[in-house]
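Enquirer: just coords:
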């Protein structure tokens with residue numbers, strides 16, 4: 001996304017809609033006309049917005065504990081309200097003790113997980129994290145946000161919802177919402193960071209839904 005990884009030099013936009021449009025721009029750059037779009041957490045919100053704004057580009061959506069309500073954005077709300085020095089300090093604390101951060105997620109800090117998480121933190125400047133957090137709060141607090149999500153569910157685009165067994169109870173996606181999805185899958189024995197905790201099982205579940 002803009003502001004992250006190879007796009008870290010770019011200004012992070014103020015809205016999630018702009019991030020969704022950017023993903024479509026990346027699809028254009030790569031020559032991809034249609035794709036199954038998978039998004040995790042904030043990325044789940046971006047994936048749904050992409051489907052709402054560019055339905056012709058989307059074969060299916062895999063929404064992995066994506067932000068559905070403001071209640072899901074509690075961490076974003078915390079970061080959004082911080083001063084820039086406090087946000088910098090928060091991320092620097094994670095970077096300086098990646099094994100500790102992984103342990104805090106109730107995972108064993110294996111060498112592979114540490115390497116992946118270190119790359120993740122190195123790819124996200126505090127300015128981008130804070131700008132995205134504010135965009136998430138703005139989006140999920142809007143009365144039209146849930147209507148947008150419902151519109152995607154009713155659009156004919158298959159929407160596959162996924163959650164971790166340990167984190168499902170903390171995900172604010174309404175049961176009625178989940179029943180309207182093409183599928184709802186709970187990955188066993190993992191929490192919110194399921195792609196990091198058990199990536200092989202995670203990818204297998206995604207492939208079984210959209211493969």
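Expert: Noted; the coordinates are in hand. Model, not experiment: these values are computed from the prediction. Residues are numbered from 1 along each chain as shown.
Enquirer: and residue 63, which of the three is it?
Expert: Remark: residue 63 carries the secondary structure label strand [criterion: DSSP: H, G, I helix; E, B strand; the rest coil].
Enquirer: if you could redo that for residue 36, that was the one I meant.
Expert: Local secondary structure at residue 36 is given as strand here, using three-state DSSP.
Enquirer: look up how far residue 119 lies from it.
Expert: 24 Å (C-beta to C-beta, to the nearest Å). Backbone N, C-alpha and C define where each C-beta goes, glycine included.
Enquirer: just the strands from this structure, written as ranges.
Expert: Using DSSP state E, the strands found in the chain span residues 35-40, 58-64, 159-164, 183-187.
Enquirer: which of the residues in the worst-scoring helix or strand of the chain on mean pLDDT are buried?
Expert: The element with the least model confidence among the helices and strands of the chain, by mean pLDDT, DSSP states H and E, is helix 175-179, at a mean of 90. With burial defined by 16 or more other C-beta atoms under 10 Å, the residues of helix 175-179 counted as buried are 177-178.
Enquirer: ok, stretch 125-145 next?
Expert: By neighbour count with 16+ other C-beta under 10 Å, stretch 125-145 contains the buried residues 125-126, 128-140, 145.
Enquirer: can you check stretch 32-46 too?
Expert: Of all the residues in stretch 32-46, those buried under the rule 16+ other C-beta under 10 Å are 35-46.
Enquirer: dump the residues you listed to a markdown table, plus pLDDT and distance to residue 92.
Expert: A markdown table is the format used below for the buried residues of stretch 32-46 (pLDDT from 0 to 100; distance: C-beta to C-beta, whole Å):
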| residue | pLDDT | distance to residue 92 |
| --- | --- | --- |
| 35 | 97 | 35 |
| 36 | 97 | 36 |
| 37 | 97 | 32 |
| 38 | 96 | 29 |
| 39 | 96 | 27 |
| 40 | 96 | 23 |
| 41 | 95 | 21 |
| 42 | 94 | 21 |
| 43 | 95 | 23 |
| 44 | 95 | 27 |
| 45 | 95 | 26 |
| 46 | 97 | 26 |
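Enquirer: check residue 10 and give its pLDDT.
Expert: Reported pLDDT at residue 10 in the predicted model: 79.
Enquirer: without its sequence neighbours, what residue ends up closest to it?
Expert: Counting by C-beta to C-beta, 6 or more residues apart in numbering, residue 2 is the residue found nearest to residue 10 once chain neighbours are left out, at 4.8 Å.
Enquirer: where do the helices of this protein begin and end?
Expert: For the chain, the helices identified by DSSP state H occupy 16-30, 42-53, 74-80, 84-96, 98-104, 111-122, 126-140, 143-153, 175-179, 194-197, 199-210, in order along the chain.
Enquirer: sounds good, over and out.
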